[in-house]
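# sequence and predicted structure are below.
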Amino acid sequence: MTPVSSALLFIVGLCAGALNSVAGGGSFLTLPALLWAGVSPVSANATSTFAVWPGSIASAVAYRREVRLARAGVLWLCAVSVMGGFLGATLLVRTSDESFMRLLPWLMLVAAATFTLGGRWTRRRGTATGDWHSRGWLAVILLMQFVLAIYGGYFGGGMGIMMLAALAAAGMTDIHEMNGLKVLLGVSINGVALVRFLLSGAIVFVPGFAVMAGTILGGFGGASLARRVDQRIIRWLVVCVGWGMTAYFFLR
């Protein structure tokens, strides 16, 4: 990989890290960039997960108070997330590059549509967590989370918005606790997926580290950006990028 390619991947990672810390949707940038750099499709998806994971861990630490407040059912949710994430990652590494490229436009479409329509869920506000765990909703939310974890281990675009929607449907109303759970479950899904990717040799480390360095720095900068820029502007920027990338892969 040339120094120019490494620099461009770092810049893409920088932008993706900032987007993830403010609104999400960084994978709309990292996956196409890795494909452009010559990484094979399945490996590009696995490497993208590898590159953005450290930023997710930092976010999980930042949300540790909210996760403690919503601790009822958290262990069960983490357990099904790990199982689903491992299953999804296994399905990915057993998918041929040709099959994945045929699926990719449709996966991008799902992610772009979810991100576009997901604002109504992320705008929900409340003062306390609903008693979803005591109303018989736990089994339902566990099943939904298992399905979402499979999707997350396989592709993951738009997964965070989907999890927020599932938590809202289950009765949670405090957006901060919902975000904390979403981040923790995302770390669980992507963490076990990374183990599976490492075991299968699906990660390409040189471009992965270039993107990772950018996402870490961009994540720190994004926190400062979030305080100065209207998040609606950032969100619509991500929406435009997502639909643009979706159109590109359909027309490719």
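Nice, thanks for sending it over.

# can we go C-alpha only for contacts and neighbour counts from here?
Will do.

# any idea which helix or strand comes after the helix or strand that contains Leu14?
Leu14 belongs to helix 3-22 when elements are defined using DSSP states H and E. Next along the chain after helix 3-22, taking DSSP H and E as the criterion, comes helix 27-36.

# pLDDT averaged over the next helix or strand after that following helix - what is it?
Following helix 27-36 in sequence order, the next helix or strand is helix 41-62 (DSSP H and E). Averaged across helix 41-62, pLDDT comes to 86.

# between helix 41-62 and helix 3-22, how many degrees?
40 degrees (axes from the mean of the first three to the mean of the last three C-alpha atoms, to 10 degrees).

# packing partners for helix 41-62?
In terms of contacts (3 or more C-alpha pairs under 8 Å, 6 or more residues apart in numbering; DSSP states H and E), helix 41-62 is packed against helix 27-36, helix 97-117, helix 175-200, helix 205-226.

# residues in contact with it?
Here helix 41-62 makes contact (C-alpha atoms under 8 Å, 6 or more residues apart in numbering) with 17, 27, 30-31, 34-35, 92-93, 95-97, 100-101, 155, 180, 183-184, 186-187, 190-191, 194, 197, 202-205, 208-209, 211-213, 215-216, 219.

# orientation of that helix relative to helix 27-36 in degrees?
Here helix 41-62 runs at an angle of 140 degrees relative to helix 27-36 (the same axes, to 10 degrees).

# coming back round to it: buried residues in the helix holding Leu14?
Buried positions in helix 3-22, judged by neighbour count with 16 or more other C-alpha atoms under 10 Å: 5-6, 8-22.

# same check, this time on stretch 236-246
The neighbour-count check on stretch 236-246 (16+ other C-alpha under 10 Å) flags 238-239, 241-243, 245-246 as buried.

# residue ranges with poor pLDDT in the protein?
Scanning the chain with the threshold set as pLDDT under 70 gives 22-23, 66-72, 118-137, 175, 222-231, 234.

# tell me, how many residues neighbour the closest residue to Gly157 other than its chain neighbours?
Using C-alpha to C-alpha, 6 or more residues apart in numbering and skipping residues adjacent in sequence, the residue nearest Gly157 is Ala111, 4.9 Å away. Ala111 has 26 neighbouring residues, counting by other C-alpha atoms under 10 Å.

# what distance do you get for Ala111 to Gly152?
According to C-alpha to C-alpha, to the nearest Å, Ala111 and Gly152 sit 11 Å apart.

# ditto for Ser96
18 Å.

# more neighbours, these two?
Each of Ser96 and Gly152 has its neighbours counted (other C-alpha under 10 Å); Gly152 has more, 27 against 12.

# pretty sure the more buried one is touching Met162, no?
No. The pair Gly152 / Met162 is not scored as a contact, 10.0 Å apart, by C-alpha atoms under 8 Å.

# quick check: phi and psi at Thr2.
Dihedral angles of Thr2 (phi, psi; degrees, to the nearest 10) stand at phi -80, psi 160.

# residues touching it, list them.
Applying C-alpha under 8 Å, 6+ apart to Thr2 gives no contacts.

# what about it, distance to Arg196?
Distance, Thr2 to Arg196, by C-alpha to C-alpha: 29 Å.

# likewise Leu104?
Distance, Leu104 to Arg196, using C-alpha to C-alpha: 20 Å.

# the two: who's more crowded?
Just comparing Leu104 and Arg196: by other C-alpha under 10 Å the higher neighbour count belongs to Arg196, 22 against 19.

# spit out the contact partners of the more buried one.
Here Arg196 is in contact with 86, 89-90 (C-alpha under 8 Å, 6+ apart).

# of the residues you listed, closest to His176?
Proximity of the contacts of Arg196 to His176 (C-alpha to C-alpha) peaks at Phe86, which lies at 27.0 Å.

# find the nearest non-adjacent residue to the closest one, please.
Take Phe86 and drop its neighbours on the chain: the residue closest to it by C-alpha to C-alpha, 6+ apart is Ala193, 5.3 Å away.

# wait, that neighbour touches Leu91, no?
No. Using C-alpha under 8 Å as the test, Ala193 is too far from Leu91 to be in contact (10.4 Å).

# no further queries at this time; thank you.
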